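# Dropping a prediction and its sequence here:
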Amino acid sequence: MNSDMWKVPDRFRPVISSLCITCKKCIKECSYDVLEFNNGAIHAKHGCVACQRCVEMCPQDAIEIQRVPETMAPHGTYTERHRRAILSQANSGGVLLSSCGTDIPYNSIFDDLLLDAAQVTNPAIDPLRETVETKTYLGSRNGSLRLSSEGSFAVKPGCGIMMDMPVMLGHVSLGAVSYNTQKALFMAARRLNILAGTGEGGLHRDFREFAPHLNSEVASGRFGVNPDFLKDVASIEIKIGQGAKPGHGGHLPGEKVSDLISETRMIPLGTDALSPYPHHDIYSIEDLEQLIATLKEAVNYEHPVGVKIAAVHNIAAIASGAVRAGADFITLDGFRGGTGSTPRIIRDHAGIPIEAAVAVVDKRLTEEGLRNRVTLCAGGSIRSSADMIKMIALGADVVGVCTAALIAMGCRLCQSCHLGKCSWGIATQKPDLVSRMDPELGATRVVRLLSAWNEELKEILGAMGIDSVESLVGNRDRLRYIGPNPRIADIMGIKHAGEGWG
Amino acid sequence: MVGKSEASKHCIGELCGEITDFSRLPSYGAARPPGLSSIMGGCGIAGCMDLNGGKIRGDKIARMLSIMSERENGLGSGYVAYGLFPDHKDEYCLQFFFDNEESMFAVEECLKKRGEITRDECVYTTNHTDIPLPHPMVWRYFFVPKSSSNPKYKDPDQCIVDLVMNINFSIHGAFCISSGKDMAVFKGNGFSYQIADYYDLSRYKAQMWCSHSRFPTNTPGWWAGAHPISLLDWSVCHNGEITSYGVNRKFVEMNGYKCTLLTDSEVITYTWDILVRKHGLPLQVAAFAMAPMYYRDMELMNDHNRQLAQQLRITYKEAFLNGPFSILVGRSRPEITMLAMADRKKLRPLIIGHNEDDGMIYAASEECAIRIADNDAYTWVTNPGNPMIARVGEGIIRYGTERPFEGAFNEQ
């Protein structure tokens, strides 16, 4: 035993077949330095994360990533996952970091829900023949419309924007992702006429042109927040928490703070960008009220100001408080949501599922007569259009999608973002890696994905006999539960499969 | 071969709407059937009105409704008459179903606390009927709410709404079926002709009648659950199934209404009350909130109308009635008014008829209902989502073929 740092076994291994022509492209593509050329052949070393970059790029299809079989003695309680974590922490003495959403296979409530369809008593609608609308409004509402006898507005209506589908690309900051990745997401949002989140890193001057399609983030670090930035964008979101790390801040290490990041975040080159855990001017609800009022004042009441909160145990009361504090929209982020870097302990163990959070918030706001004042956005682990549709039926006006969009652009969910060596040019600042992401191609693939989801949404709406998406929002009557725990169905206000209407 | 001929005989019977053997289905009066959470089904609707304010006898509307025999299966039908009590125009006419005397006493206690009963009477019903038992008692009260210093009850209409909601929600065996001025509802669990005979509608003369017959699919018959669904002077006869019911229910609950009937038709009645009485929207503007224009069509409107249409849709997206429907809406204030409209895809039938000579206006699911009343009436259909509005003394205000918002506001 030469070292106090013991081996943590690899989980993945590239296997090179006889088709290999030793062109060495894979060695260049592997940013984790796993592959080497030796004795006339390509060999694999330790450290493969299964990012699949070499597999995708091999001109001969000669590489396959294999899972290394578990070699420790099997144990039902101390699984290999636990033993690997113990070994890692005994090696480092530190908090374990990871990224993306939790990889623990928690039961997904989405998978326990079934959608309704129209039969006999009402006609289904074919979206290819009839109009089925998916236009969605994000912003504040008054709850009533007061008109003068001439038909003009006696009270100024709420402020907000219209999007072509009930989808918002989630927040990823410049810093967490590369310049090219953010550009691709922004281009996609503009083409789809939806919103994309800027993340908390401010807005690079090159991206000002996308501002009408951006949802800006005012986070605890206040990076890049200035009046011009706020006035340009479509909406402003105060980030209290994030589903992947509720109660946690952010830390962009100094080595990632390049010229580009330093300029955008307005911090000195090479310094750590630290986002405090709370906003240090928000220690309670009345402080939030003041910040909302300040931001509204700053933008002349022309843009909606929202609050993003992580789905935690008391979410319904917190959301209600935020609405009473003046939020025009509320964004809920579920505990399975993604991130560029988070302590594994928080990612895997804090918060509640977004399905339950959305349902209880929608119910609570309805009971308090507040639901028709705000837009409710929700995200965190939306894997498919089915999840998106169920999220809407549970109560969300707008659904946040991010990990799925990144997967469309190349991400393989290897959960190594925090290493900063993303071989796909997404979660990295290294110029040679960043250049691997072609913004045009990335945008095209995201547009294709979400257009397909929107078509699927129309198909489902039509099948339910609904011709506009707003009539599905919070329409939990059209969901049925088939999972193992009827208690959660009760809490969410959903009937069990087999229960009819009468 | 015997079996085959018997089967075909059975089929013909079904086609003629002759299936009357629902004896295995229980029947309920004022109390809610246990386990019932929502009622749905197809229906027939018919209405008529004398634009000059003349009186129409109740047997006319009964003929109109009953001719559409394929639209009902004997599990509910009802009528509403407007302009019925010219001598009691300023009092609220509250009509109740009671399953027993205890519920009646409880309701009277409740009424006396909140106002004065100026007159009460038993609503005439015949003993000779084949409508399955039980038959609830039908009682009528003319009522004047107390003027109250409590700001919540300053508005007598609001006082009545709260009273009705509370009684229907909390007094078992009692149900308020109509609560407006100068109007009354006659409904029950039977075929349209049975209900007309049961109440002997020919003894009533009214300026406007609306009516409804029901074809529920699998729910028990429930007297209180039959249409018209009425609150204050609003009445709604509804043929359709609201696919957005879960959303619409949220809208009325957010505005302080309790859903006691568990039908999608109930939320339509309350939505009219919210949009027109509480929020002050003109009748046709409220109609366009419930059947909003497509965003695509809004692009073709002038600036004023486009902004109005957009804000209407955004603000009242929970009031948007999605799915197939055609409805008849009645109102007695400020003047007796009929509104008829279908959903924005026109998935349920609606036809309007007008006879200029005698000033009669008709609306119905099928043309036969109009023809049996008036062979010479001129008929037309409304555009999808576009309301026909007619008012006693004023005539036809909208044919339902005009552009949205036309004539809704004073010229600027």
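Okay, I see it.
# and the gap between the most far-flung residue of chain A relative to its centre and B:Gly280?
What lies farthest from the middle of chain A is A:Ser149; by C-alpha atoms, centre = their mean that is 45.9 Å. The spacing between A:Ser149 and B:Gly280, counted by C-beta to C-beta, to the nearest Å, is 10 Å. For the C-beta atoms, the positions are set from N, CA and C on the backbone; glycine is no exception.
# for B:Asp200, same thing?
39 Å.
# And the residue farthest from the centre of chain A, which helix or strand is it part of?
If you go by DSSP states H and E, A:Ser149 is not part of any helix or strand.
# In this structure it contacts B:Ala408, no?
No: with contact defined as C-beta atoms under 8 Å, A:Ser149 does not reach B:Ala408; the gap is 10.0 Å.
# And B:Leu339, how far from chain A?
For B:Leu339, the distance to chain A (C-beta to the nearest C-beta, to the nearest Å) stands at 18 Å.
# Grab the nearest non-local neighbour of that residue.
B:Val329 (4.2 Å; C-beta to C-beta, 6 or more residues apart in numbering or on different chains).
# does that neighbour count as helix, strand or coil?
Three-state call for B:Val329 (DSSP: H, G, I helix; E, B strand; the rest coil): strand.
# Based on its surroundings, how many neighbours for it?
When neighbours are counted by other C-beta atoms under 10 Å in any protein chain shown, B:Val329 registers 26.
# lowest-pLDDT helix or strand in chain B?
helix B:2-15 (a mean of 40; mean pLDDT, DSSP states H and E).
# tell me what the helix or strand following it is packed against?
Going down the chain from helix B:2-15, the next helix or strand is strand B:27-28, by DSSP H and E. Other elements packing on strand B:27-28 under the criterion 3 or more C-beta pairs under 8 Å, 6 or more residues apart in numbering or on different chains; DSSP states H and E are strand B:221-222.
# Residue ranges in chain B under the pLDDT threshold?
B:1-25, B:34-42, B:217-220, B:411-412 (pLDDT under 70).
# From chain A, how far off is the residue nearest to the spatial centre of it?
Centroid-nearest residue in chain B: B:Val236, 2.2 Å away (criterion: C-alpha atoms, centre = their mean). Going from B:Val236 to chain A by C-beta to the nearest C-beta gives 18 Å.
# for the closest residue to that residue other than its chain neighbours, phi and psi?
Nearest non-adjacent residue to B:Val236, counting by C-beta to C-beta, 6+ apart: B:Thr269, 4.5 Å away. Main-chain torsions, B:Thr269, degrees, to the nearest 10: phi -60, psi -50.
# same thing with the one 3 residues further on?
In terms of degrees, to the nearest 10, the main-chain angles of B:Trp272 are phi -60, psi -40.
# How much space separates it from chain A?
14 Å.
# residues near A:Lys28, how many?
Using other C-beta under 10 Å, A:Lys28 is surrounded by 12 other residues.
# Tell me the secondary structure at it.
Secondary structure state of A:Lys28, per three-state DSSP, is helix.
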